[in-house]
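Asker: Output the structure for:
(chains A, B, C and D)
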There are 4 protein chains.
Amino acid sequence: MQFLSDNAASVHPKVWAAMQAADEADTPYDTDRLSAELDDRFAQVFGREVAVLWVATGTAANCLALSAFVPPHGGVVCHREAHIEMDECGAPGFYLHGAKLLLAEGENAKLNPDGIAAVLDAIRADVHQVQPHAVSITQASEYGCCYTPGELAKIDILAGERGLKLHIDGARFANAVVHLGRPAAECAGPADALSFGFVKNGAMNAEAVVFFDPTVADTVRFRRKRAGHLQSKGRFLAAQILAMLDGDTWLHNAASANAAAQAIGEGARERLLHPVEANEVFVRCTAAERQALRAQGFGFYDWGANAARFVAAWDTREDHAAALGRAIAAL
Amino acid sequence: MQFLSDNAASVHPKVWAAMQAADEADTPYDTDRLSAELDDRFAQVFGREVAVLWVATGTAANCLALSAFVPPHGGVVCHREAHIEMDECGAPGFYLHGAKLLLAEGENAKLNPDGIAAVLDAIRADVHQVQPHAVSITQASEYGCCYTPGELAKIDILAGERGLKLHIDGARFANAVVHLGRPAAECAGPADALSFGFVKNGAMNAEAVVFFDPTVADTVRFRRKRAGHLQSKGRFLAAQILAMLDGDTWLHNAASANAAAQAIGEGARERLLHPVEANEVFVRCTAAERQALRAQGFGFYDWGANAARFVAAWDTREDHAAALGRAIAAL
Amino acid sequence: MQFLSDNAASVHPKVWAAMQAADEADTPYDTDRLSAELDDRFAQVFGREVAVLWVATGTAANCLALSAFVPPHGGVVCHREAHIEMDECGAPGFYLHGAKLLLAEGENAKLNPDGIAAVLDAIRADVHQVQPHAVSITQASEYGCCYTPGELAKIDILAGERGLKLHIDGARFANAVVHLGRPAAECAGPADALSFGFVKNGAMNAEAVVFFDPTVADTVRFRRKRAGHLQSKGRFLAAQILAMLDGDTWLHNAASANAAAQAIGEGARERLLHPVEANEVFVRCTAAERQALRAQGFGFYDWGANAARFVAAWDTREDHAAALGRAIAAL
Amino acid sequence: MQFLSDNAASVHPKVWAAMQAADEADTPYDTDRLSAELDDRFAQVFGREVAVLWVATGTAANCLALSAFVPPHGGVVCHREAHIEMDECGAPGFYLHGAKLLLAEGENAKLNPDGIAAVLDAIRADVHQVQPHAVSITQASEYGCCYTPGELAKIDILAGERGLKLHIDGARFANAVVHLGRPAAECAGPADALSFGFVKNGAMNAEAVVFFDPTVADTVRFRRKRAGHLQSKGRFLAAQILAMLDGDTWLHNAASANAAAQAIGEGARERLLHPVEANEVFVRCTAAERQALRAQGFGFYDWGANAARFVAAWDTREDHAAALGRAIAAL
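Answerer: Numbers count the residues shown, from 1 in each chain, chains lettered A, B, ... in the order given. All right, here's what the predicted structure looks like:
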């Protein structure tokens, strides 16, 4: 019973079917008819015109999105525990040519206006210090917590005042949308770009970068190619994404994962390090307790010395999640 | 009847089967059991120890390979018409942090010792000029021509004398191996790294970077992650590659493509711009003649004002190739 | 009698005097009162508002100027023998983060609309090829030849049509202005940025980057700092530049150098590889002839196997130049 | 009475004299006879073979030194308040192509083994996190405090155990050497590279990068050129450095500055934020107190809301320093 991560979960049957339907040869790169559908399909999701590029990974999605807004001599405000800071091997430094991540604090790995302002206010507006050009937040956050539309609006106001673009790392955007119970547009709030994740939610290797100002995407198309991310059989990435959007599979999958996380959290109520909102559960527990859980067949990561992280995926079995919840409760 | 390129051809049934067999969740990135098999499997192919990384595209493969050998202030000798120079949107400049491509001449888009030496000898050995650190050749070349083991050996001697590493862009390495009729090891000759292509030969989106000095790969693992090319469901890339190697599917597929190219070339004998060795056919023909071919249902790219390029893929139908050959002969 | 280069010539007495006058402590970097004068002083030279940054070298000047116009995924059209291509150790690749130099042909190391258009027209307007963003020319050229205002205008029209910015490497701009006998504004024509050289013309280590759209300079100020080119005692660089402009020392010095070149060229009339316009003389001569000249005490560089380059500096003695001219005539 | 910084102080008369003596034309770049003396002269200072490159600024010195040790995908451990982190506009990100600064804590802006180990131990040894390749410390630190030879040895042991190179930012190395009263070699301890500062200590615009493994310098020569830092009249930079070393001017100047700082510190004993060791004095004082000091003619920077920074330079007048000390005492 695996709760290590959602990042290696199986591929949804509808995704398989769509990929196979795309097998007939088509024109290469993103000139195929499936890739051509993306802008319109996401426009329906967000209720406004957008430009969308597929890429294979969340790291590429995040960094290509940021590359549209941040010059090499600039900076990006992000949370100290953001994925772009902690888990991308310096990819932003590569894609942004040495631009700097400016680290802010905030509970539950979420930024807030005060935390952002604290970083901004400490930067002298002279050429000796790296100036901020964008804010990047993660929806849902690295601790599985979600920004409400109201919270997003406040961050947006600050960003606007300071002339900063807003990027959302939405590796688990679907889980946030389900938790918030609001339209996707409200959950992405006023972002300039969104890394819209599918891999953790049932796709194989396709993520979408959504630009809310479509003209911005033109530069990024060159950067995608230059980064070796323009696959010649791009139709298979487009197919995955379209399959996830069709019939709201992305929402159904995320709902399953979130429900499983709730089932786990149910049993861990007294031990939770963060509210369980999306599909991750962070639980205070000793090494001995973790040992006990593993002995019962549960797989998961230690989270430091005194905690464990459990991640539910779209294909996590309800009974497994319930069993884990009970096992934690019984510790 | 499509002869535009092999880069968007369909995916081989065995590749599909292997991907689906890999669907059960496994550990993420390249820690899965399929990725773990790659080094050994390629060691069998080449008869010596190697380290192998999967990536999604040939551009990423080429640039990651070169990044192991070329510092930011260095240069790579390549053919004026090499893919890395002409068709990767400056990806080597990105991955190598501004290193320079040093362009050499050579018939059939193949380098030779004289052409390479001409470039090297024109470079002053001082800090004002970019110094070469590697040579990159394409096997089969951008004009579908192959380096014989003897030709490779001569280039290797020069590279050794000048302290240069040798990289092979093997986007169509399989086609070269089939044409040469020699073991893969001889067709890669003395290379330090090989971009071993599968996408054009029946895979979906998996290429292999083969390092013949396995220690070199360690740095490149970081660079792959940093470039956003470490997919979390990497098992699907490993599965594609293993399926292609299994039962020599890679050689069978390339043999089909090469045979189709021969059938086309047969009809174009008087018009060939380059010998037909791998799976590409470059044919002198007027705009009117191209028009005539297109009117008969053949799809292909113009190659400048007075020529056309026809590419056969692993799934090109024999009768289509024969028909094209006859159509050209009848022009 | 040294004709190796003008790049290590002595420093003009007025420059020394100005530097010493600047010694009293002032505010650091470019906040001193001398640096503050630059914009206005160059505005007088060019008859329009400009923004000016000092830097220590021509390489830094060229690359910082280009960095304002060319994104990392872009390209710069320049002459195959341009300094940025041949003699800066790949500095444009560093400063422009991997952007590409797109090499054009042209007599006397000068670009012309046909040569530029040939490069541009060969580039497909798709994401697979690096797209041009700027043209860089050298005034006077690497072979000591000058662009007339008419020639500049033609290049500008082409650049405008193709959406390209125009940069001038003016390492020997003063020599060009003197040769052309026209106001500096006409000799810089419609450039967007000019690397205005002083080091070869009597300064110690100060060049000016002139931006004809002053707002462009703001970004470059960050890039200058980030490249380690914002000297804390910047007043000494400003002092050098102001001293060179004062009383037209820059023009007087260039006039001396040009006159010396003419004196040399006089004796080499039949042997000239390029017209003698600025302060360089390229002379066809055999190894034996070069040997003979060196035996007479003349220092210079071989220029390939069958030629020599003689460079006159602001401090080249008239009698030395005349002697060299006679010696060449007597060969 | 200026105590803003030492970075814009006047140029020492011996430096002026040496520069003027270097005016006679010589060979360009670093091929002149003065530049050729540097290695030997610094070998005397450090008692072992070294390779030395001049550059114009401390930022360039630091970043070029680090570029020898840190690959683009690597990291550098430095203090949270290090100059490379706080005051170089992201120059390390530029020169190291996106490598990351890994921030450690430590009193008085000095690193110590515990602080360094805390950073190192938090980094997972996998490809998802940036791995450290070097440690950079500042001698004297950004708060004017010095590492004793014993402290350096401890850091070196840790660095050795973890496979890290050691760089010293010695913008005020002279002041540290004077304070420590030990040979330069002991004050640089076991560093692999030292940015040996002269600009703050009486030079105009020349710093030295000292490599204790001379072979390392070869790569850096290319990087210096590529960064536009290879001045063609490099002899003037070499002249400055040699003049500073001659007759121990560097030590005499630093001794003056340190003495002035002591005189200031004397009056501020109860208010010191950091021990006064080199030439900087950080003093707790209110806005009103700062106002009072400024009213008496003292120039200095606020250091946050409740402190002030006073910097003494080599040319700070003793009576000015004494007066400032008294003025602070009288607050």
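Asker: if I look at residue A:255, how far off is residue A:45?
Answerer: For residue A:255, the distance to residue A:45 under the criterion C-beta to C-beta, to the nearest Å works out to 16 Å. Yep, even glycine has a C-beta here, placed from its N, CA and C like the rest.
Asker: between these two, which one's more packed in?
Answerer: residue A:45 (21 against 18; other C-beta atoms under 10 Å in any protein chain shown).
Asker: Is it correct that the more buried one is in contact with residue A:244?
Answerer: No: using C-beta atoms under 8 Å, residue A:45 is not in contact with residue A:244; the gap is 10.7 Å.
Asker: anything in contact with each of those two?
Answerer: Taking C-beta atoms under 8 Å, 6 or more residues apart in numbering or on different chains as the contact rule, residue A:45 and residue A:244 touch no residue in common.
Asker: For the residue in the stretch 201-331 of chain A positioned nearest to chain B, which three-state class applies?
Answerer: Nearest residue of the stretch 201-331 of chain A to chain B: residue A:228, at 3.1 Å (C-beta to the nearest C-beta). Per DSSP: H, G, I helix; E, B strand; the rest coil, the secondary structure class of residue A:228 is coil.
Asker: wait, it sits on residue B:65?
Answerer: No: counting by C-beta under 8 Å, residue A:228 stays clear of residue B:65, with 11.3 Å between them.
Asker: Low-confidence regions, chain A specifically.
Answerer: For chain A, not a single residue meets the criterion pLDDT under 70.
Asker: what does it have sitting close to chain C?
Answerer: Within chain A, the positions near chain C by C-beta under 8 Å from any C-beta of the partner chain are A:29, A:71-73, A:97-98, A:127-128, A:131, A:219, A:221-226, A:230.
Asker: From the contact counts, what lies against the longest strand that chain A contains?
Answerer: In chain A, assigned by DSSP state E, the strand with the most residues is strand A:131-138. On a contact count with 3 or more C-beta pairs under 8 Å, 6 or more residues apart in numbering or on different chains; DSSP states H and E, strand A:131-138 meets helix A:58-67, strand A:74-79, helix A:113-121, helix A:149-162, strand A:165-170.
Asker: closest to residue B:3 out of the ones you listed?
Answerer: Nearest of the helices and strands packed on strand A:131-138 to residue B:3, taken as C-beta to C-beta: helix A:58-67 at 31.7 Å.
Asker: Give me the contact list for the closest one.
Answerer: Taking C-beta under 8 Å, 6+ apart as the rule, helix A:58-67 contacts A:53, A:55, A:76, A:83-84, A:88, A:91-92, A:94-96, A:99, A:134, A:136, A:167, A:169, A:171, A:193-197, A:199, A:207-209, A:211, A:219-220, A:223-224, A:227, A:229, B:225, B:227-230.
Asker: Please repeat the previous calculation with a cut-off of 7 Å.
Answerer: Helix A:58-67 is contacted by residues A:55, A:76, A:84, A:88, A:91-92, A:95-96, A:134, A:136, A:167, A:169, A:171, A:193, A:195, A:197, A:199, A:207, A:209, A:220, A:223-224, A:227, A:229, B:228 when judged by C-beta atoms under 7 Å, 6 or more residues apart in numbering or on different chains.
Asker: So which bits of that helix are buried?
Answerer: Residues of helix A:58-67 classed as buried: A:58-67 (neighbour count, 16 or more other C-beta atoms under 10 Å in any protein chain shown).
Asker: Distance of the residue nearest the centre of chain A relative to chain D?
Answerer: Computing the C-alpha centroid of chain A and ranking residues by C-alpha atoms, centre = their mean puts residue A:171 first, at 1.7 Å. Remark: distance between residue A:171 and chain D (C-beta to the nearest C-beta, to the nearest Å) = 14 Å.
Asker: ok, now which ones touch residue A:186?
Answerer: residue A:149.
Asker: mind running it again at 10 Å?
Answerer: A:46-47, A:148-150, A:152-153, A:177, A:180 (C-beta atoms under 10 Å, 6 or more residues apart in numbering or on different chains).
Asker: Save those residues as a markdown table, and put in neighbour count and distance to chain B too.
Answerer: Formatted as a markdown table, these follow (neighbours: other C-beta atoms under 10 Å in any protein chain shown; distance: C-beta to the nearest C-beta, whole Å):
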| residue | neighbour count | distance to chain B |
| --- | --- | --- |
| A:46 | 20 | 24 |
| A:47 | 11 | 29 |
| A:148 | 15 | 28 |
| A:149 | 15 | 29 |
| A:150 | 9 | 32 |
| A:152 | 22 | 26 |
| A:153 | 13 | 30 |
| A:177 | 27 | 21 |
| A:180 | 20 | 25 |
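Asker: Helices of the stretch 151-300 of chain A, start to end?
Answerer: A:173-180, A:184-188, A:217-226, A:235-245, A:249-267, A:287-295 (DSSP state H, counting those that start in this stretch).
Asker: Please name every helix or strand in contact with the first one.
Answerer: When you say that, I think you mean helix A:173-180. Applying 3 or more C-beta pairs under 10 Å, 6 or more residues apart in numbering or on different chains; DSSP states H and E, we find helix A:173-180 packed against strand A:165-170, helix A:184-188, strand A:193-196, strand A:207-211, helix A:249-267.
Asker: Look up how far residue A:38 lies from the closest residue to residue A:240 other than its chain neighbours.
Answerer: Distance criterion C-beta to C-beta, 6 or more residues apart in numbering or on different chains; nearest residue to residue A:240, sequence neighbours excluded, is residue A:206 at 4.0 Å. Distance from residue A:206 to residue A:38, counting by C-beta to C-beta: 10 Å.
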